[in-house]
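Peer 1: any chance you could fold what I've pasted below:
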Amino acid sequence: MDRTVNRRLSLLPLLPLLLALPALAQKMADPTRPPATLAASETEAAASDSMPSGPRLQSILISRTPGGRKLAVIDGATVRAGAKVGDAVLVRINDNSVVLRRGKNLETLTLFPKPAEAADPTGKTK
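Peer 2: Numbers count the residues shown, from 1 in each chain. Predicted structure coming up:
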């Protein structure tokens, strides 16, 4: 019994060192976490996406049968030609775009918008 007490007392001076070890440990970085610059740009993109910039075309459904139905998914709602989308009317559904009419103005929403400038691998603009 005396040996057990003596061993415990001999470890007592090491107690402050053992308690200090977690404070000396370095925080490990998560290898699956994206770089901070990418996370910042995603935050900015999410903030800009949250601001309404008009209707967004998400999908177009066209039946293969002749005279089949055509549908567009705009802002999560399935819409047929002639139906209202907010304050606009869906006028036409094409293969990759739709046309909306607001009063006298026509607005085209494209499913896959083209980039502003297409560049070839050599760096020249087309």
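Peer 1: helix or strand next in line after the helix or strand of the chain with the lowest mean pLDDT, which one?
Peer 2: Within the chain, no helix or strand scores below helix 36-50, which has a mean of 59 by mean pLDDT, DSSP states H and E. Once helix 36-50 ends, the next helix or strand along the chain (criterion: DSSP states H and E) is strand 57-62.
Peer 1: and the angle from the very next helix or strand once past that following strand to strand 57-62?
Peer 2: Once strand 57-62 ends, the next helix or strand along the chain (criterion: DSSP H and E) is strand 70-74. Calculated by axes from the mean of the first three to the mean of the last three C-alpha atoms, to 10 degrees, strand 70-74 forms an angle of 170 degrees with strand 57-62.
Peer 1: now strand 70-74: average pLDDT?
Peer 2: Averaging pLDDT along strand 70-74 gives 94.
Peer 1: check which element follows it along the chain.
Peer 2: Downstream of strand 70-74 (by DSSP H and E), the next one is strand 77-80.
Peer 1: and that next one, what does it pack onto?
Peer 2: Counting contacts by 3 or more C-beta pairs under 8 Å, 6 or more residues apart in numbering; DSSP states H and E, strand 77-80 is packed against strand 70-74. Where C-beta positions appear, they are placed from N, C-alpha and C, glycine not excepted.
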